[in-house]
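> attaching a predicted model along with its sequence, questions to come.
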There are 2 protein chains.
Amino acid sequence: MNKLIASIKEALRLAGIRDGMTLSFHHHLRNGDHVINMTVAALREMGIKDINLSASSLFQVHAPIIDAFEDETITSVESDYIGGDVGRAISMGRLKKKAVFRSHGHRPADIENGKMHIDIAIIAAPSSDASGNCTGKYGKSACGSLGYAMPDARCADRVIVVTDHLVSYPLPDFSIPETQVDYVVQVDSIGDPAGIVSSTTKITRDPVGLRIAAYAAQSILHSGLLKDGFSFQTGAGGASLAAAMYLKDIMLKQNIHGSFCMGGITGYLVDMLNAGCFEQLMDVQCFDLKAVESIRTNPRHREVSATHYAAPGPRGCIADHLDAVILGATEVDLNFNVNVHTDSQGVIMGGSGGHSDVAAGAKLAIIVAPLTRARLPLIVNRVNCISTPGSTVDLLVTQYGLAVNPSKTELKERLKAARLPVCSLEELKAKAEEMSGIPAPIFKGEKVVADVLYRDGGLMDQIHGVF
Amino acid sequence: MNKLIASIKEALRLAGIRDGMTLSFHHHLRNGDHVINMTVAALREMGIKDINLSASSLFQVHAPIIDAFEDETITSVESDYIGGDVGRAISMGRLKKKAVFRSHGHRPADIENGKMHIDIAIIAAPSSDASGNCTGKYGKSACGSLGYAMPDARCADRVIVVTDHLVSYPLPDFSIPETQVDYVVQVDSIGDPAGIVSSTTKITRDPVGLRIAAYAAQSILHSGLLKDGFSFQTGAGGASLAAAMYLKDIMLKQNIHGSFCMGGITGYLVDMLNAGCFEQLMDVQCFDLKAVESIRTNPRHREVSATHYAAPGPRGCIADHLDAVILGATEVDLNFNVNVHTDSQGVIMGGSGGHSDVAAGAKLAIIVAPLTRARLPLIVNRVNCISTPGSTVDLLVTQYGLAVNPSKTELKERLKAARLPVCSLEELKAKAEEMSGIPAPIFKGEKVVADVLYRDGGLMDQIHGVF
C-alpha cells in the first residue's frame, strides 16, 4: 500500500475525478494558499468541466481560478467567505451558476449530515507522513489548527493530502488520521508563509478604533457576564484586538478567571491565556505565528474541528456556550441586521465566516464599527445583504455611541447605569448622515449571483450582480 | 440545551430505546467496569427485550448480564473478546442467538462502513463536561485512552456518556467531542479502579517464561528488522513484558532508535519511550497507571482510535506498519493456526482482541507460549478454534525451541545462523506429547454458539457448544 502519488493531477485521476464533481478545500493557508490554484490548474490541464468548488474561504490569492470560471472548469462555488477579485468576478456574473454562501458552522453541518456531498477533498497539510497522518502545526508552511479541514476529511468520498513537508511514519501529533486519507502528494510549496500567518497581531493605534474598543470592553464589563467562567471570542481586526487588550486589563485588575476563548486565535488571546485570564483556547484557525507556536506546545490551547466550533444542531457546539463576542460589519440596518458579504457598491467582498454562528450562539453579540467609512454611513435602512439577522445582534458600538437591540432591555439599563453613551440606531444613523450625507442607492443588477443561506439551512438573502 | 440526564434509564428512554436494538460499549474499564451492568439492569427494569449487545470486550465482572440472557433482555452478543463466566455461559448455550466474534480492527471497520449499525452507544467516561466532551485521562476512574469508544461515538445514532467525574465546560483535552454526544449521565462510580488498571506491570520471574522471552527478543534481533525506525507491539502478559525487557537492553546497547510502539500500552513500553528506544507510543488502550499518567502528560504518547489502530481497509492502519509483534496462544496447530478463543475444554474464554489484526499487519508475528500448560500440550493437529490463521504467523517460540513458518525461509536461515534452537512444529508437538501425553478429544456439542469472523469479514471458524 503506497499512498504517495507523484502529482496532484495523478492523485485526482486515481480519485476518479469526473465532470460535475464537488471538490473541497480548507482555508487555513489563507492569502498564502497555493493548493487551490495548483489543483484548479491540474483540472484545466485535464479538461475536466463543471466542477463545484467548495472552499471554506477564498481570498485574493485565488484570483487565478477566475479563468476556470470562464472556461467552465468551475461552474459553481460554495463558500463561507469570498474575498478579493474572486468575489468581484462573481458579482460581475462571470461564474455560470449562482454561488452559495454558508457560515463556518453551517458548512460542516451540511457536510456531516450529507446535504453537501464532497466527492474529493484536498487537504493542504503543512506536515504529513506518507500514509496521510497530517497536521498544520509543523513545517515551513505551518498554519496551526486544521479545524476547517476535519469535516471534509471525515466525510469526503476520496481525500488527497498535499504537503510540502513529508515526515517519517507515524506523525504522532496528527490532526487528521491516515484512516481518512487516500493519497498523499508532495509538492515544493503549499503556500507562501507571508500570506498564511501574520508575523505579529497589530492592535489599532487609530483613536476612533481605540474609543470603539474601549466602549466594547466597558459594555462587556457592565453586561453582567464578566465573571469567573467568562468565555469570549474576538476577531483579528485592529479594533477587536484593542477591545481584547482593554478586557485583559479589566480581567487582571479584577482578578477574573475566564473559561475559554474560541475561534480564530491570535497571539493576543495567547497572551490572555498565559496571563491567566482564560483556562483554555479552542482553536479552529490560527491567525499568527504566536498562535501557531502556542497550539504546538500548550496543551491548554486545543485544536477543534469546524463542526465542534460552530455547527448548529441538537448536540450543540462551542459557539452555543459563548458569553461575549466582538464582530465587525460593513453595514448595519435599522433592524440590527448586519452585512459582511458586500461592499459599499454591493460587490461581494467577504462573507459570514463564523459571524452569524457566534452571533446566534453568544449571550452578548457586539458589533463594532466606525460610524462612517470613506464618507459612507455605517447604518442604512436595509443592508444590501443580510449576513447576520438582527435578532441575534445585541449591541452596536460606534465611536459616537452604543445602540442596544430593543429586545435587550436589561442590557440597555445596565449600560445606561454605567454611563455609557447609549442611544438609538436612528440617532446614530442621523449622526452618520449628518457627517457624510445620504449615499446614492447602489446599482443592483437583475441577476442573482449568490444565495446566502442561514445556518439553519434557510435562504436568508440573495446577492444581485452589479452588471 | 441541557444534556445532563438524571439516570441511565431516562437517557435510554430519551434515546428511543426499543426492543431489538443494538447497544454498544467499550472495554477500557476492563474488569472494573460498572457501566455495562448498570445499563443492562436498567434495560431489565424497563422490560426491554431482544437487545444485541455489541461490546469491544466482556470480562468476568460482566457475569451479571447472564441473567439478561435468560430473560431474553439480551439475545445476541457481538464482541472481540468474551472472558470469564460470560464466555462460559455462551458455551453452555444460555444465549438465544449465536454470538459473533470480530477482531479489534474488524469491529470499528464494520461500524464505520455501516455493516454493524449501532442504535445507542454508551460511553463510560472517566471525565466529561455536561455537554459530553469527554476523556479517559482524568478522574478517579481514569483509564487513559478511549480509543475503542471512538468509532462507536462517531457512528451510533444516539450516544450516551456515563461519567463519575463531571468537570466544567469545556473539557479541553477531550477524546470524544460534544458534537458526537446526545446525553450525559452522572453516576457515583463507573468502575472499580482496581479492576480498570493494574498498579504495576509485572515481568515474569518464572524461568520458563524468561527463557521464552529471551528467545523471542533474540529472534527479533536476528530477524533483520531491529534497526533504526523499528516498530513493535507486545502484550501485557508476563512473558511478553519480559521479552520487551530483553529487547530494551539490546536496543540501548546497540543504540537502536525505534519508531513507535502501539497497542495496549504498559508502563514498560512507557519506560522504553522515555529511555529513547522509541519515538512515540500509539495507544488504543492503557493497561496500567504508568501508561495513564504518560498519555496524560507526554505528547509523544498519543491516543488513537480503534479504527486507526487496526481497521483493515484500503486506507490502512497503524497495524499495517508494524515490524514485530509478540502474541500469546492457548493452542497452535500444525498449520500455525492459533486459538485464543477457547480453553482446553473448548469453552469460550477470550477472543482475538487485536491478535489477528496485528499478526496480519506485522512483518514478524511471533507467538510465545509454554510447550505445555497444566499437563496439556500447546501444539495440536487442529486448533479447536482458528482465531488467527497460520498464514499470518511467522514464528512460534517455546522454551524448548522455535518453529518457523515454512513460508519464511529467510527468517529460518537467519535464526539458525544465530544458533537459536530452530526446529519443526512436528518436533515440538512430539516433545510436548512426550511430556504430557496425547490429550483426549474435547467434547463438541452439535449446536454452534458463536461465529468467528476474520478481519476481512469472512467466516473463519465456528465455536460449538459444550452441552
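Yep, that arrived.
> strands along the stretch 301-450 of chain A, start to end?
A:301-303, A:324-327, A:331-333, A:338-339, A:364-368, A:372-373, A:376-377, A:379-380, A:395-398, A:401-404, A:422-423, A:448-453 (DSSP state E, counting those that start in this stretch).
> out of those, flag the one nearest chain B.
strand A:301-303 (4.9 Å; C-beta to the nearest C-beta). The C-beta positions use only the backbone N, C-alpha and C, and glycine is treated the same way.
> how about that closest one and chain B, any contact?
Yes. Shown here: strand A:301-303 in contact with chain B (C-beta under 8 Å from any C-beta of the partner chain) through A:R302.
> what lines up beside that strand in the sheet?
In the sheet, strand A:301-303 lines up against strand A:278-286 (parallel) (DSSP bridges).
> distance of the nearest residue to A:V404 once chain neighbours are set aside from A:F336?
In space, and not counting its chain neighbours, A:V404 is closest to A:K412: 4.1 Å by C-beta to C-beta, 6 or more residues apart in numbering or on different chains. Shown here: A:K412 relative to A:F336, a distance of 13 Å by C-beta to C-beta, to the nearest Å.
> same check on A:Q462?
From A:Q462 across to A:F336, the span is 20 Å (C-beta to C-beta).
> between those two, who's got more neighbours?
Higher neighbour count among A:Q462 and A:F336: A:F336, with 27 against 14, using other C-beta atoms under 10 Å in any protein chain shown.
> quick check: the more buried one vs A:L396, distance?
A:F336 is 7 Å from A:L396, where distance means C-beta to C-beta.
> so who does A:R414 touch?
A:H222, A:S223, A:G224 (C-beta atoms under 8 Å, 6 or more residues apart in numbering or on different chains).
> swap in A:R158?
The neighbours of A:R158, taking C-beta under 8 Å, 6+ apart as the test, are A:A15, A:G16, A:D119, A:I120, A:A121, A:D182, A:Y183.
> the closest residue to it other than its chain neighbours and chain B, how far apart?
Excluding the flanking residues, the one nearest A:R158 by C-beta to C-beta, 6+ apart is A:A15, at 3.9 Å. In this structure, A:A15 and chain B are 12 Å apart, going by C-beta to the nearest C-beta, to the nearest Å.
> who touches the helix or strand bottoming out on mean pLDDT in chain A?
Lowest mean confidence among the helices and strands of chain A (mean pLDDT, DSSP states H and E): helix A:193-196, at a mean of 90. Applying C-beta under 8 Å, 6+ apart, the external contacts of helix A:193-196 come out as A:H28, A:L29, A:R30, A:N31, A:G32, A:D33, A:V61, A:K140, A:S141, A:A142, A:C143.
> quick one on the thing from earlier: which of the contacts of A:R158 has the largest number of neighbours?
A:A121 (29 neighbours).
> report the beta-bridge partner residues of that residue.
With DSSP bridges as the criterion, A:A121 is bridged to A:S24, A:V159.
> picking up where we left off before, among the contacts of A:R158, which ones are in helices?
Among those, no residue falls in helices (DSSP state H).
> center of chain A, which residue is that?
The centroid of chain A falls nearest to A:G353 when counting by C-alpha atoms, centre = their mean (3.2 Å).
> surely A:V448 is in contact with A:D461?
No. The pair A:V448 and A:D461 does not pass the contact test of C-beta atoms under 8 Å, sitting 10.0 Å apart.
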